[in-house]
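Trainee: can you look at this prediction? I've put the sequence above it.
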Amino acid sequence: MAGASSDSNPESIPRIWLCQPAKKADEATPDWLTPDEAQRLAGLKGHRRQEFLTTRWLIRQALAGASGLPASDCCPVPGRPTAAATPPGWHLSISHCQNLAACATGTGAVGIDIEPARRRADWQRVARRWFSVAEQDWLLRTDDAFEFLKVWTLKEAWLKATGRGIAGNLQTLRVSADFELLGDQQQGGWRAGSCLVAGFIVTLVWQGPEAAGGQPAAPTLLAPPPDDCRLVAPEPLACTADWLLNADIHPSG
């Protein structure tokens, strides 16, 4: 896959990479996995194994596309893949949900979350349990599951970008009815973008000098990995992104 540059110098604009899983998961363990990844894969079966392989394959393809290096030369740090081990200098975030995987790459902190746009779970219960009183008020009054999913993906992407889990932290980003965003990080340079791609809400939060007033590049949808997950260069597929939100995240205090 052609890279965005001829060397490993990072781009300033964060990028979103998407792909569907392989149609048939091969049982062999790819030789490009790190020892840490191979150990984790050994404990997975069925769709969880397929999701894991797809996201790890996508990480390498995303780093290759962003840096210009071959995918075989790219890998994440051990454990939670929040940064690249090679090439250095890249931040990462991944998400997967119902037959789609996503990876964000950037030179500053990034967080990505995806949700099917038609998901209709018991969102009112989730809002009452985890959201602020003000958020509950306008969401329950609006009674729109799609608006809830926009808020939920914003909060999830925010927590990934700031390196925190859900418990006790979902109110660290407050979202008003007109989608003014207030976060608990006092340093500036935070921004969020949400778009609708192939029936999914895709939300990215990122930080950096380039964040102010900017918008992430349009998502790149890659062809699914081959059944054996070889690191072949995938073809970009046709992809239309309808932007739902592009806004600064202001300090709350």
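Mentor: Everything's here; your move. As the structure is a prediction and not an experimental result, all values here were calculated from the model. Numbering: from 1, shown residues only.
Trainee: ok, residue 189 touching residue 107?
Mentor: No. Taking contacts as Cβ atoms under 8 Å, residue 189 lies outside contact range of residue 107: 11.6 Å. Every C-beta, even on glycine, is put in place using the N, C-alpha and C of the backbone.
Trainee: any shared contact partners between these two?
Mentor: residue 208 (Cβ atoms under 8 Å, 6 or more residues apart in numbering).
Trainee: ok, those two, which is more surrounded?
Mentor: Remark: of residue 189 and residue 107, residue 107 carries more neighbours, 20 against 16, as counted by other Cβ atoms under 10 Å.
Trainee: partner strands of whichever helix or strand residue 243 is part of, parallel or antiparallel?
Mentor: Assessed by DSSP states H and E, residue 243 sits inside strand 241-251. Strand pairing for strand 241-251, using DSSP bridges, gives strand 181-183 (parallel), strand 190-197 (antiparallel).
Trainee: run through who's touching the shortest one.
Mentor: It stands for strand 181-183. Counting by Cβ under 8 Å, 6+ apart, 154, 158, 162, 172-176, 190, 192, 247-252 sit against strand 181-183.
Trainee: again with the longest one
Mentor: Here strand 190-197 makes contact (Cβ under 8 Å, 6+ apart) with 18, 117, 150, 153-154, 157-158, 161, 181, 183, 201-207, 211-212, 214-216, 218-219, 221, 239-249.
Trainee: ChimeraX command for the buried members of these?
Mentor: In ChimeraX, a selection of the buried entries from the contacts of strand 190-197 looks like this (16 or more other Cβ atoms under 10 Å):
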select :18,117,150,153,154,157,158,161,181,183,201,202,203,204,205,206,207,211,214,216,219,221,241,244,245,247,248,249
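Trainee: where do the helices of the stretch 101-250 of the chain begin and end?
Mentor: 123-130, 133-142, 145-161 (DSSP state H, counting those that start in this stretch).
Trainee: may I have the shortest one as CSV, with CA atoms only?
Mentor: Which is helix 123-130. Extracted C-alpha coordinates of helix 123-130, given in CSV (Å, rounded to 0.1, in the frame of the first residue of the first chain):
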residue,chain,number,x,y,z
TRP,A,123,-29.7,3.5,25.9
GLN,A,124,-31.9,5.4,28.3
ARG,A,125,-30.7,3.1,31.2
VAL,A,126,-27.1,3.7,30.2
ALA,A,127,-27.6,7.5,30.1
ARG,A,128,-29.3,7.5,33.6
ARG,A,129,-26.5,5.4,35.0
TRP,A,130,-23.4,7.1,33.6
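Trainee: average pLDDT across it?
Mentor: Helix 123-130 carries an average pLDDT of 95.
Trainee: all numbers from here: first residue = 41
Mentor: Let's use 41 as the start, then, which means that last one is helix 163-170.
Trainee: looking at the contacts of strand 221-223, which is nearest residue 179?
Mentor: residue 215 (8.9 Å; Cβ to Cβ).
Trainee: for that closest one, which non-adjacent residue is spatially closest?
Mentor: residue 191 (4.8 Å; Cβ to Cβ, 6 or more residues apart in numbering).
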